[in-house]
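Undergrad: sequence first, predicted coordinates after that:
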Amino acid sequence: MTDDPILVLAATGGQGGAVTDALLRRGASVRALVRDPEGKAARRLAVRGVEVIAGSLNDRRSLAAGMTGVSGVFAFTTPFEAGVEAEVAQGRAILAAAGEARVPHLVFSSVAGADQRSGVPHFESKARVEAELRAGEVPYTILGPTYFFDNALGGADRILSGVLDLPLPSDRPLQQLARPDLGAFAAQVLLDPAPYVGQRIELASDAPTPAQMAAALGSALGREVRYERVPLDAISNPDMHAMWAFLNGPGYRVDITTLHAAHPEIAWTSFAGWARRTFAGSP
């Protein structure tokens with residue numbers, strides 16, 4: 001481990017926060033690029049010893065300044081604020097800044113399935129960023145998270161009322177990832193990059209079916225949670241409709257057994273374990 005910091009982009013978000021937590025647990029020096037260094041989340045990072053700097057995923061100048069003198073960068077882009085073209089623009093700003101700052105290693109968090117010509121807009125935008133990353137000169141590792149356990153919290157009120165809704169058959173496994181597992185894996189790659197440079201690694205912690213998810217949630221809550229399948233046609237957002245069509249079709253292709261055997265240092269959280277911790281004490 002060098003004394004140079006590791007820069008985490010979007011460090012107050014779900015993915016960046018998980019990576020920051022994992023790096024701090026391992027004693028790494030962390031620099032966080034955030035929109036508002038005076039915000040509550042940023043101040044909490046500063047109290048933990050993180051070097052907090054102001055910047056934007058769209059601003060090459062602030063990105064390059066933040067990347068100067070680092071040992072590695074964790075990068076993340078999002079289409080959910082301004083669309084997929086804005087996400088590609090973010091990726092290009094990040095890659096240009098990394099080249100300018102001569103970053104020794106960049107870990108880009110993409111999405112599992114981005115290499116499958118999925119037709120999912122926010123998968124395809126990440127695939128475009130991946131292609132430009134591979135064509136450039138910055139040493140890189142690409143991580144491909146599957147569906148996050150935490151996505152279930154978008155329906156937390158329904159779960160607490162006893163219903164889990166998803167647009168999948170009840171017996172269709174859905175590969176999913178715990179954010180702390182992503183954080184731990186990314187930290188490992190950032191702190192020991194040599195075995196991972198040039199690789200694209202897709203990540204999943206577990207693959208429960210919706211029926212198994214409902215049972216695990218019910219066990220965590222101490223009461224029944226039943227599964228109700230949402231018709232795919234009821235998903236009106238085109239991007240989300242395309243994603244669920246993909247997950248009903250070819251879906252993610254992570255070889256979970258091989259992945260976990262190759263990386264026993266990662267806790268690899270089960271969905272049931274996540275449910276117990278997340279809903280413990282819920283009314």
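TA: Yes, it's here.
Undergrad: from here on, contacts and neighbour counts on C-alpha atoms
TA: Will do.
Undergrad: give me the low-pLDDT residue ranges for the protein?
TA: Counting by pLDDT under 70, the ranges of the chain that qualify are 1-2.
Undergrad: distance check, the residue of it most remote from its centre against Glu81.
TA: Most distant residue from the mean C-alpha position of the chain: Arg223, 30.4 Å away (Cα atoms, centre = their mean). According to Cα to Cα, to the nearest Å, Arg223 and Glu81 sit 37 Å apart.
Undergrad: then Ala65?
TA: With distances taken as Cα to Cα, Ala65 is found 24 Å from Glu81.
Undergrad: so which of the two has more stuff around it?
TA: Legend: neighbour count by other Cα atoms under 10 Å for Ala65 and Glu81, higher for Ala65 (16 against 8).
Undergrad: following the helix or strand that one falls within, which helix or strand comes up?
TA: Assigned by DSSP states H and E, Ala65 belongs to helix 60-67. Note on helix 60-67: by DSSP H and E, the next helix or strand toward the C-terminus is strand 72-76.
Undergrad: can you tell me what sits against that following strand?
TA: Strand 72-76 is contacted from outside by 5-10, 15-16, 19, 67, 94, 103-110, 186, 190, using Cα atoms under 8 Å, 6 or more residues apart in numbering.
Undergrad: among these, which ones are in helices?
TA: Among the contacts of strand 72-76, the ones falling in helices (DSSP state H) are 15-16, 19, 67, 94, 186, 190.
Undergrad: biggest separation within the residues you listed, which pair?
TA: Gln15 and Met67 (18.5 Å; Cα to Cα).
Undergrad: what is the end-to-end distance of stretch 34-54?
TA: Stretch 34-54 has an end-to-end distance of 5 Å (Cα to Cα).
Undergrad: how far is it from where the chain is centred?
TA: 20 Å (Cα atoms, centre = their mean, to the nearest Å).
Undergrad: which positions in that stretch come out as buried?
TA: If you call a residue buried by 16 or more other Cα atoms under 10 Å, then stretch 34-54 has these buried ones: 34-37, 42-43, 45-46, 50-54.
Undergrad: over to stretch 103-119?
TA: Those would be 103-116, 118, for stretch 103-119 by 16+ other Cα under 10 Å.
Undergrad: who are the contact partners of Tyr140?
TA: Taking Cα under 8 Å, 6+ apart, we find Tyr140 in contact with 105-108, 133-134, 197-199.
Undergrad: apologies, that question was intended for Arg229.
TA: Contacts of Arg229 by Cα under 8 Å, 6+ apart are 165-170.
Undergrad: ok, now how distant is Ile201 from Glu51?
TA: Ile201 sits 29 Å away from Glu51, going by Cα to Cα.
Undergrad: residue boundaries of the helices in the chain?
TA: Assigned by DSSP H, the chain shows helices spanning 14-25, 40-47, 60-67, 84-101, 121-135, 156-160, 179-191, 210-221, 238-248, 256-262, 271-279.
Undergrad: so Val34 sits against Ser56, correct?
TA: Yes: with contacts counted by Cα atoms under 8 Å, Val34 reaches Ser56, the gap being 6.9 Å.
Undergrad: leaving out chain neighbours, which residue sits closest to Pro37?
TA: Ala54 (5.8 Å; Cα to Cα, 6 or more residues apart in numbering).
Undergrad: ok, that neighbour - contacts?
TA: So, once contact is read as Cα under 8 Å, 6+ apart, Ala54 ends up touching 33-37, 62.
Undergrad: adding distance to Thr258, write those residues out as JSON lines.
TA: Output for these, formatted as JSON lines (distance: Cα to Cα, whole Å):
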{"residue": "Leu33", "distance to Thr258": "34"}
{"residue": "Val34", "distance to Thr258": "36"}
{"residue": "Arg35", "distance to Thr258": "38"}
{"residue": "Asp36", "distance to Thr258": "41"}
{"residue": "Pro37", "distance to Thr258": "41"}
{"residue": "Ser62", "distance to Thr258": "39"}
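Undergrad: next step: those restricted to strands.
TA: Residues of the contacts of Ala54 located in strands (DSSP state E): 33-34.
Undergrad: from the contacts of Ala54, pick the one nearest Leu182.
TA: Closest to Leu182, out of all of these and judged by Cα to Cα, is Leu33, at 19.0 Å.
Undergrad: how many other residues sit next to that closest one?
TA: Using other Cα under 10 Å, Leu33 is surrounded by 26 other residues.
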